[in-house]
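**Student:** generate a structure from the sequence data that follows.
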Amino acid sequence: MAREFQEEKMNVGEGWWPIVDEMHKDLTRLLGEYELQQIKEKFGGLRYYMQVGSGCNPALMGQVRDIITAGEDKSTETCETCGQEGTNQSIGGWYKTLCPGHAEARKIAVARRMSDRDRPPQPFDPFF
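**Tutor:** The predicted structure is shown next:
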């Protein structure tokens with residue numbers, strides 16, 4: 001489980017790693033073991049998908065949902081890149097939760113990509 005957790009954690013930015021670590025720690029403390037299915041970013045927020053065995057106490061499921069919801073909610077206020085306070089915003093058609101500095105850097109990168117698309121193709125020079 002530890003290797004699989006570390007691999008899944010890499011699917012989101014370092015700024016969210018403390019959130020993911022806390023969720024994993026709380027879920028492990030509550031359940032002992034569980035099956036982690038996926039950790040990802042979607043629409044600028046963290047998504048944490050897991051499954052417990054059929055023998056799990058139904059009373060614990062409310063606590064499991066609370067842990068996951070709290071972490072996912074926290075991600076929408078935390079820069080995915082650096083972990084500082086951030087806001088969920090659309091940049092270049094993609095939703096990301098970023099601090100002002102990382103949001104500005106992303107806007108610049110998106111603008112560069114868009115301007116590169118507008119350039120006419122350059123002639124091929126085999127001697128370049």
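
**Student:** please make it C-alpha for all contacts and neighbour counts, starting now.
**Tutor:** Fine.

**Student:** this protein: helices as residue ranges?
**Tutor:** Applying DSSP state H to the chain gives helices spanning 2-9, 17-31, 58-75, 100-118.

**Student:** okay, the ones you listed in a markdown table with mean neighbour count, mean pLDDT and distance to Gln51 next?
**Tutor:** Formatted as a markdown table, these follow (neighbours: other Cα atoms under 10 Å; pLDDT from 0 to 100; distance: least, Cα to Cα, whole Å):
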| stretch | mean neighbour count | mean pLDDT | distance to Gln51 |
| --- | --- | --- | --- |
| helix 2-9 | 13 | 86 | 13 |
| helix 17-31 | 16 | 96 | 11 |
| helix 58-75 | 15 | 94 | 10 |
| helix 100-118 | 13 | 86 | 34 |
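
**Student:** distance to Glu85 added to these, as CSV?
**Tutor:** Compiled in CSV, those are given as follows (distance: least, Cα to Cα, whole Å):
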stretch, distance to Glu85
helix 2-9, 20
helix 17-31, 13
helix 58-75, 9
helix 100-118, 9
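
**Student:** skip the chain neighbours and tell me the closest residue to Gly71.
**Tutor:** Excluding its sequence neighbours, the residue lying closest to Gly71 (Cα to Cα, 6 or more residues apart in numbering) is Ile19, at 6.0 Å.

**Student:** dump the residue contacts of the one you found.
**Tutor:** Ile19 is in contact with Gly71, Lys74, Ser75, counting by Cα atoms under 8 Å, 6 or more residues apart in numbering.

**Student:** cool, and Thr69?
**Tutor:** By Cα under 8 Å, 6+ apart, Thr69 lies in contact with nothing.

**Student:** now it: how far from Arg47?
**Tutor:** 9 Å (Cα to Cα, to the nearest Å).

**Student:** pLDDT at Thr78, what is it?
**Tutor:** As predicted, Thr78 sits at a pLDDT of 98.

**Student:** okay, now the domains of this structure?
**Tutor:** For the chain, the structural domains run 2-75, 87-118, going by automatic domain parsing.

**Student:** can you say which of the ones you listed is nearest to Thr81?
**Tutor:** Closest approach to Thr81 among the domains of the chain (Cα to Cα): domain 2-75, 4.6 Å.

**Student:** now do the closest one: distance to the chain's middle.
**Tutor:** Its chain's average C-alpha position is 12 Å from that of domain 2-75, according to Cα atoms, centre = their mean, to the nearest Å.
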